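K.L.:
can't give you the sequence, but here's the structure:
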């Protein structure tokens, strides 16, 4: 695409009116048109920024960020997205706040939202909790808006929960689309989402789940590979299977990394924790059972260590399509001999794909901004057109 | 009121010219006109935001926040107010700074204020310290401005000190005014500011003091109720008595919660620490006497525990005017059976008033913004009128 | 100077075109014209702010701050500079991030820079590390921009490294220029950069090094004084000697504070750690040798304590030119009898110069803003002229 109008034309044939005043929890709760609207708007916003056209649509307003886990790139992506649109990020640092002292989610959600246009939450630590918490927040502010407490209903952007990591996997997907020259070229391509060994443990399941939940929608042959015992949520697998059927692709599983890599066009080797163990850990935390947590940690590390052969090696890469599969990772990766002794990927593989990996990450701020935009404006194409006509530059000239 | 002009007309008959370039320490240092100007401007700013008119009056400039106690809602209220006007909040996190290492208040105040239009301080922990500290900061930057160090004199907004909590109680009061349909309907209404039991201890006195120092100015019958030994600052009581006399209302005291609630139109049951004990604690901290602090804590918790019957129960609520007094709280409340075993208020009472409580809180950002506005603009009505005429929307359209 | 045009005329005769798209590491890497351009632009930006002309040249964009040491004034200066130009500061708090877990500098630098126009780094703790780290960051984002990962190349501003503290010493220098009525009046003036006793140890060398590296460029007689054993980087001394030769001034050394102060026009007495010891400390940290670090600390404090007579006393001040040398300090100072028992300066001396010291500090935000501006705009004079013509006020009127 060459002009903003191309993006707007595309937006105009999509139906995404349900996104207005909505939220973004899970990709599979969105229609194909809605997913495509996010991609299109993300590209349009990037086009405008590259062409020095301001996309600042808010003169004031807050974007609340609530991170229950440390984060560099998601934090910066959210801050970038908010800033691009004119919103000021206000962190809800639970350490600095009084939330612990007897406040309900409903109360906190309202107290922080008087001038909030967006709430971004990352809560991926505990199975069955993160997504549920996000819904509780949304229900609270929706009610608060109805009751006249809040002048606007903030939109929620899921910045990673126990089930999905929509901003990550949509950035990954947009990267794929661009690398393959369009979504129309993905039919029949093979994508391998595979487990890989890492010396740390307890990594969230949201990425592999998000990948199989989203990437199965584009007619690709998606393979999920992991050692026995590293199963993901069955509910998400059901979604993946259903998606594949509808899209004319396939969703299969294997316990062999080699099988998954064989002739793959795209590979996504990444460590995660077994679903069952994560559920166990959630309960142990709830009970405050530190001894149990320590025992589980030991057990999980031992279990991981049995699968050190699950690594994205040069040898494995050479078995992919023309030896040149697109290598994906959400970063940071555990790189063998660099960040750890034995890890997810060979250093030489990682190095060869470094620029592409950074490009992959660069879509995330635009994906987040697009999600916000679609929740805030009934007709984004009209707004973007007006912004272009106004011609206010991002950087003064 | 229906149009912005109605608010401007009201502003135009009030005399608040002394507020220009001033600060906001204590409500009773302000004239009735000045207090009314804050309420009117707060309502006007809210009206404009609701009608998507930008009130961004600063293209650049900082709002410095200095919190010496954790805080969610005041922190967010200050951030919201600054953002509404175009100021960027910069936290002075004393942990991250070098303040401890030999800097005077005068030096720090100047160093952080080169581009500061506002300084918001919360310092409520130590009796005789918080308000004094705020004055020291203001004296420092006033001198700095005179000396040509600072291009502008930042205005101070007291976000809670040891004496008063003006942004809280003015938000409470504006809520009362709206609930009762105007300040003219408050004459003769009974307001009960009463102590209530909480399992924690050492809660600041600034709310009860702020309430009796402000609410006595509107012709209401204000009753302060607490168990013996929970006295507040005598100086503030003197202010309350004086206010009541002038306004044609009354200020009385009782050691009976039942008496205070009887036929009350408004109730504000909330825990606080005894004034004398807080003074003692301040000294113990100054001496670094941890054993003394621990002993005092034990003593205070035991003292509190003798008054578990001081709770806002359904039974007590039923004795208020038509059983329907307006229930107020600065939040978070200690709710019996929810956030603690025995607390300040029955869960069913709290639940019934939840929406109203959140509305009460929603005025605070506007109160803070109004305080800033009145310190920064000689003629706010003219500025608001121009903003309306410019018609720049808060959210692009 | 009286009008903006005077500043623009001056800019127009300077050659600073190499600064466009560049970075600011060390003052001696810049030409005289470039240094003068920073001063001129800093004054111009201050003039505009004082005259309520908005200098907001970014509608969106981030200024990343990365502080590896606590800081109040540099943090606020950077935040102020960014805010003045319209950039939003995003702190990279390494504690809150995942940087430690296997990320390379190259990766982190790109991940935080998708929408970053500026990166400000303070990294002064370890000899041979800080400046090198900054170069690594710049190399990474330059490559990232070339590779199409970053839409813009963020400019680096050195907010203090192991070698230089350019924003500090350029603020100091601009203060000198203003106090002496212009750079043309500095020829032959004597400036004494001298060590002074402090009860703390391990203070960075970047200020004395920055001072001799910059102040020798203006024809002054610069004397570096310190006790034996407190030598600074020999490379920077070589720079100072070279500068002095070119500028027609002189650079000399002495181990006598009295000799340095004698007839000095400007004095800058300040503690720092011996270069050799700092190198040793860096190695001990690298080896994780806590016992060695503790031993070194003891040794250094003992060494310091032998030189308690190195203090800026009234007696010494009386030996300066007319007893009225301009006293400089980067603040906070160790003031005898105030912040410590025996320190760098007598309380009465410090008090007499307090207003001037705060003014000295007040230039820093403008110096930083000027550095950013020169890296971002090919023709700053044209931009400032347009801003003046547009006439958008900083504070609405």
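P.N.:
Arrived safely. Note that the coordinates shown come from a computational prediction; the quantities given were computed from them, not determined experimentally.

K.L.:
CA only for contacts and neighbour counts going forward, please
P.N.:
Noted.

K.L.:
starting at the chain centroid, how far to the lowest-mean-pLDDT helix or strand in chain A?
P.N.:
Of all helical and strand segments in chain A, the minimum by mean pLDDT, DSSP states H and E falls on helix A:275-286, at a mean of 85. Offset of helix A:275-286 from its chain centre (C-alpha atoms, centre = their mean, to the nearest Å): 22 Å.

K.L.:
and if you look at stretch A:296-304?
P.N.:
Centre-to-centre, stretch A:296-304 and its host chain are 27 Å apart (C-alpha atoms, centre = their mean).

K.L.:
buried sites along it?
P.N.:
Within stretch A:296-304, the residues scored as buried using 16 or more other C-alpha atoms under 10 Å in any protein chain shown are A:296-297, A:300-301, A:304.

K.L.:
next one: stretch A:123-137
P.N.:
Along stretch A:123-137, these residues count as buried under the neighbour rule (16+ other C-alpha under 10 Å): A:123-127, A:130-131, A:134, A:137.

K.L.:
possible to save these as JSON lines with pLDDT?
P.N.:
Shown next, in JSON lines, are these (pLDDT from 0 to 100):
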{"residue": "A:123", "pLDDT": "90"}
{"residue": "A:124", "pLDDT": "87"}
{"residue": "A:125", "pLDDT": "79"}
{"residue": "A:126", "pLDDT": "81"}
{"residue": "A:127", "pLDDT": "84"}
{"residue": "A:130", "pLDDT": "91"}
{"residue": "A:131", "pLDDT": "95"}
{"residue": "A:134", "pLDDT": "95"}
{"residue": "A:137", "pLDDT": "95"}
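
K.L.:
Please name the residues that touch residue A:250.
P.N.:
A:216, A:219-222, A:241, A:244 (C-alpha atoms under 8 Å, 6 or more residues apart in numbering or on different chains).

K.L.:
Then residue A:138?
P.N.:
Counting by C-alpha under 8 Å, 6+ apart, residue A:138 touches A:155-156.

K.L.:
related to what we said a few turns ago, in strands only, show me the buried residues of stretch A:123-137.
P.N.:
Of those, the ones assigned to strands by DSSP state E are residue A:123.

K.L.:
and of the buried residues of stretch A:123-137, the nearest to chain B?
P.N.:
residue A:137 (14.8 Å; C-alpha to the nearest C-alpha).

K.L.:
what's the pLDDT at the one residue in the stretch 151-300 of chain A that gets nearest to chain B?
P.N.:
Taking C-alpha to the nearest C-alpha, chain B has its nearest neighbour within the stretch 151-300 of chain A at residue A:151, 6.4 Å off. pLDDT, residue A:151: 94.

K.L.:
Wait, it touches residue A:114, no?
P.N.:
Yes - under the criterion of C-alpha atoms under 8 Å, residue A:151 makes contact with residue A:114 at 7.1 Å.

K.L.:
and these two? which has more neighbours close in?
P.N.:
Neighbour count, other C-alpha atoms under 10 Å in any protein chain shown: between residue A:151 and residue A:114, residue A:114 has more, with 30 against 20.

K.L.:
still on that earlier bit, now the contacts of residue A:250 as JSON lines including pLDDT and distance to residue A:262?
P.N.:
Formatted as JSON lines, those follow (pLDDT from 0 to 100; distance: C-alpha to C-alpha, whole Å):
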{"residue": "A:216", "pLDDT": "98", "distance to residue A:262": "18"}
{"residue": "A:219", "pLDDT": "98", "distance to residue A:262": "18"}
{"residue": "A:220", "pLDDT": "98", "distance to residue A:262": "15"}
{"residue": "A:221", "pLDDT": "98", "distance to residue A:262": "12"}
{"residue": "A:222", "pLDDT": "98", "distance to residue A:262": "12"}
{"residue": "A:241", "pLDDT": "98", "distance to residue A:262": "21"}
{"residue": "A:244", "pLDDT": "98", "distance to residue A:262": "20"}
